[in-house]
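Undergrad: pasting the sequence and the predicted model now:
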Amino acid sequence: MSSVEDRKRVARGLEEISHLFLSHQGRQDEAKNRIGKRFKADDSGNPPLPGDVPEKNGVQDAVSKPLVQRNSCLFFCSNSLFVEKSVLACNLALELARRTFSVGIIETTTKLPTVFFLLGSLLSGSKKEERASSVIEKLLSVPSTIPLPEPLKLIHILHGYPGAVRAVFFEKDLDSDSSLAMLNKLHRQSNFLIVNAPADILQVSKMIAFVNPYFIVSSTAHPDELISSYLLIKQISQTTSCSEVGLLIVGESCHARAEAASNVIAEMARKFLSTEVRFMGMIPKGDDFSQSILTRTPFLLHRPNASASLGIRQLADLLIEHIITWR
């Protein structure tokens, strides 16, 4: 499908959902005109896909800890893409560790697949899975039942990269004194803290106030999912002091369509929430996603050159390059 057709489809998606945000016809026309001009200006062609973008010299392998001058906390959120956001949080943690950063992961739910399930082949005691060489062997090595991790116990992830990755499970009372004490400890000891946030962010209100996180909302380009993501961004905007939220488009292989979908949300959030929505890139979703879940091995490890892995690297580039200027 051509880039022009992709943009027209997204423009039609804006027309279909804009009435949910716009209060009268004048504003609706204004939003259409502004989006339409943006599409017209981009008709020269698609931005390159992740696999077509050459790596910047030194960015991916030479970036070191001093670049991040303070601890940075990232909240992965979604109203409906529970599995996808968990997978992305795990893979981003490993990519940051590959670049020598220390990373802490906080899991806030027992609903599968948790980060402990998704990182299962990297946990201590997974020797049987480490010896498995094929996908079938790895599938056969997955236990029939997954024990819950002990609450508030730090677990080391054995990934082989220079940076340390440790994960911890928080109990139901996410804002308890013991949870906040562990949060403080892990936050001080990590360059990056990644929180696999619950669907209801009000459950972690104290945590949010404590670490002042950067929110990354996962969405698809489908109009219904964009509406859901907008409502989540609205909740974040109204219940926290953040002035900017990141939006990551999942399941798209066309950069132009993913960016246009993000621009739809950005337009509405800027107009009605006084909140900036930053496009965080796209993560194509293919067989690597499902295999990583079934084998409990992040796709960054078993499919390092897959489009999803390249998308994660670009997300890490964006975070590392701009984390200081955002805050």
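TA: Okay, I see it.
Undergrad: pLDDT (mean, whole number) over the host helix or strand of Gly281?
TA: Here Gly281, judged by DSSP states H and E, is contained in strand 276-283. With pLDDT averaged residue by residue, strand 276-283 scores 96.
Undergrad: if you count contacts, what does whatever helix or strand comes next after that strand end up packed against?
TA: Counting by DSSP H and E, the next helix or strand C-terminal to strand 276-283 is helix 287-295. Contacting helix 287-295 under the criterion 3 or more CB pairs under 8 Å, 6 or more residues apart in numbering; DSSP states H and E are the following elements: helix 82-98, helix 135-141, helix 299-302, helix 307-326. Where you see a C-beta, it was placed from the backbone N, CA and C, and this is true even at glycine.
Undergrad: quick one, which of the ones you listed is nearest to Met207?
TA: Proximity to Met207, assessed across the helices and strands packed on helix 287-295 by CB to CB, is greatest for helix 82-98 (15.3 Å).
Undergrad: and the angle from the closest one to helix 307-326?
TA: Interaxial angle of helix 82-98 relative to helix 307-326 (axes from the mean of the first three to the mean of the last three CA atoms, to 10 degrees): 70 degrees.
Undergrad: could you export helix 82-98 as PDB, CA atoms only?
TA: Backbone C-alpha positions of helix 82-98 (Å, rounded to 0.1, in the frame of the first residue of the first chain) are rendered in PDB as follows:
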ATOM      1  CA  PHE A  82      -1.300  -5.700  28.600                       C
ATOM      2  CA  VAL A  83       0.800  -8.400  26.900                       C
ATOM      3  CA  GLU A  84       2.500  -6.100  24.500                       C
ATOM      4  CA  LYS A  85       3.600  -3.500  27.100                       C
ATOM      5  CA  SER A  86       5.000  -6.200  29.300                       C
ATOM      6  CA  VAL A  87       7.000  -7.700  26.400                       C
ATOM      7  CA  LEU A  88       8.300  -4.200  25.400                       C
ATOM      8  CA  ALA A  89       9.300  -3.400  29.000                       C
ATOM      9  CA  CYS A  90      11.400  -6.500  29.300                       C
ATOM     10  CA  ASN A  91      13.100  -6.000  25.900                       C
ATOM     11  CA  LEU A  92      13.900  -2.400  26.600                       C
ATOM     12  CA  ALA A  93      15.500  -3.400  30.000                       C
ATOM     13  CA  LEU A  94      17.800  -5.800  28.200                       C
ATOM     14  CA  GLU A  95      18.700  -3.200  25.500                       C
ATOM     15  CA  LEU A  96      19.700  -0.700  28.100                       C
ATOM     16  CA  ALA A  97      21.700  -3.300  29.900                       C
ATOM     17  CA  ARG A  98      23.500  -4.100  26.600                       C
END
